[in-house]
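In: here's a sequence, model it:
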Amino acid sequence: MQQLAQLQETFYKFYVCTAVRKFFFFLDPLRTGKIAIPDILCSGFLDKLLELREDDADTEDLENNWFSCQSASKVYSRYLQLDKDHNGLLSRDELARVTGKIMDSDNKGYLHPGDLSYFYKGIIQMLATRPFADVPPFNNVQNEIFDMVKPVDSTRITLKDLINCFWSYENRESLLPQLATKDDTSHV
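Out: Numbering: from 1, shown residues only. Next up, the predicted model:
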């Protein structure tokens, strides 16, 4: 593809990982490791990827195209900025350095049910292209998100709430023995 010709060989592995993750994140919500071809065709992702074949693509379009070199480079640069210890993983402290929340479009410092509803509607539009898609009502999704994140304030989710939730999930295996010990002592 013409627009990927400028991609440096050392960046290939990261670029492929970024592009593949986009497909799997959105098109394999159950994490089965498989994506149906009709889902790929209906998603619009393939169209964006194929736009990179054009010689005279608009610079602004390339900036907004997830699959462009420019977009992938921005993601990679941001990741490297956050990964202070250069171990390839983001720790809790490194995640805490995130200054803006991607989903907080109003820069309020938190997400509320209205924000979640906005993103829910976008997902519903994507699911509408899938046959037999069983779409849960928004209230169920909202309740599950709030139950999963366990925010300090039950009406809003802050960046700190998300970081704590992510950290707990990433460290769940090391936390299980501690939880088991607590459960054992409570039954004595």
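In: going forward, measure contacts and count neighbours with C-alpha atoms only.
Out: OK.
In: how many other residues sit next to L111?
Out: 19 (other CA atoms under 10 Å).
In: repeat for A5
Out: 11.
In: can you tell me how far it is from D85?
Out: Counting by CA to CA, to the nearest Å, the separation of A5 from D85 is 31 Å.
In: go on, N65?
Out: Distance from N65 to D85, by CA to CA: 30 Å.
In: who has more neighbours, those two?
Out: Shown here are N65 and D85; by other CA under 10 Å, N65 has more neighbours (18 against 12).
In: contacts only, for the more buried one.
Out: K48, L49, S71 (CA atoms under 8 Å, 6 or more residues apart in numbering).
In: can you pull the pLDDT of L49?
Out: pLDDT recorded at L49 is 86.
In: which residue sits closest to it, ignoring its sequence neighbours?
Out: Leaving out its chain neighbours, the residue that sits closest to L49 by CA to CA, 6 or more residues apart in numbering is F67, at 5.7 Å.
In: so the one you found: helix, strand or coil?
Out: Here F67 is coil, with the state taken from DSSP: H, G, I helix; E, B strand; the rest coil.
In: that one reaches L50, doesn't it?
Out: No. Applying CA atoms under 8 Å as the test, F67 and L50 come out as separate, 9.2 Å apart.
In: ok, the two, which is more surrounded?
Out: Using other CA under 10 Å as the criterion, F67 and L50 rank with F67 on top: 25 against 13.
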